[in-house]
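> compute the structure for the input listed below.
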Amino acid sequence: MVDRDLPGIKMEQLAAAQKAAIELSQKMTAQGKKV
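Now for the predicted structure:
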């Protein structure tokens, strides 16, 4: 388990950033780019 303290960043913002990173890496993988 990791305890994160990111002042000024809401959990929703962190989740949205994680989702965007996952989606982009999936798109790049589908295009044949190594991630």
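> can you say which helix or strand has Ile9 in it?
For Ile9, there is no host helix or strand (DSSP states H and E).
> what number of residues lie near it?
By other Cβ atoms under 10 Å, the residues close to Ile9 number 11. Bear in mind the C-beta positions are built from the backbone N, C-alpha and C, glycine included.
> then Val35?
The number of residues packed near Val35 is 8, by other Cβ under 10 Å.
> any idea which element the residue nearest to it when sequence neighbours are not counted lies in?
Nearest in space to Val35, with sequence neighbours left out and distances taken as Cβ to Cβ, 6 or more residues apart in numbering, is Ser25 at 4.6 Å. Here Ser25 is covered by helix 11-30, with elements defined by DSSP H and E.
> quick check: the gap between the residue nearest the centre of the chain and Met28.
When Cα atoms, centre = their mean is applied to the chain, the residue found nearest the centroid is Gln18 (2.0 Å). Separation of Gln18 from Met28 (Cβ to Cβ, to the nearest Å) stands at 16 Å.
> related to what we said a few turns ago, and the pLDDT for the residue nearest to the centre of the chain?
At Gln18, the model reports a pLDDT of 95.
> kindly report the same for Ala15.
93.
> what about it, how many neighbours?
Counted with other Cβ under 10 Å, Ala15 comes out at 10.
> distance check, it against Val35.
Counting by Cβ to Cβ - Ala15 and Val35 are separated by 20 Å.
> likewise for Glu23?
Remark: distance between Glu23 and Val35 (Cβ to Cβ) = 12 Å.
> and Arg4, helix, strand or coil?
The three-state label given to Arg4 by DSSP: H, G, I helix; E, B strand; the rest coil is coil.
> so what's it up against?
Arg4 is in contact with Leu14, counting by Cβ atoms under 8 Å, 6 or more residues apart in numbering.
> isn't Thr29 right up against Ile22?
No. Here Thr29 lies out of contact with Ile22, judged by Cβ atoms under 8 Å, at a distance of 10.6 Å.
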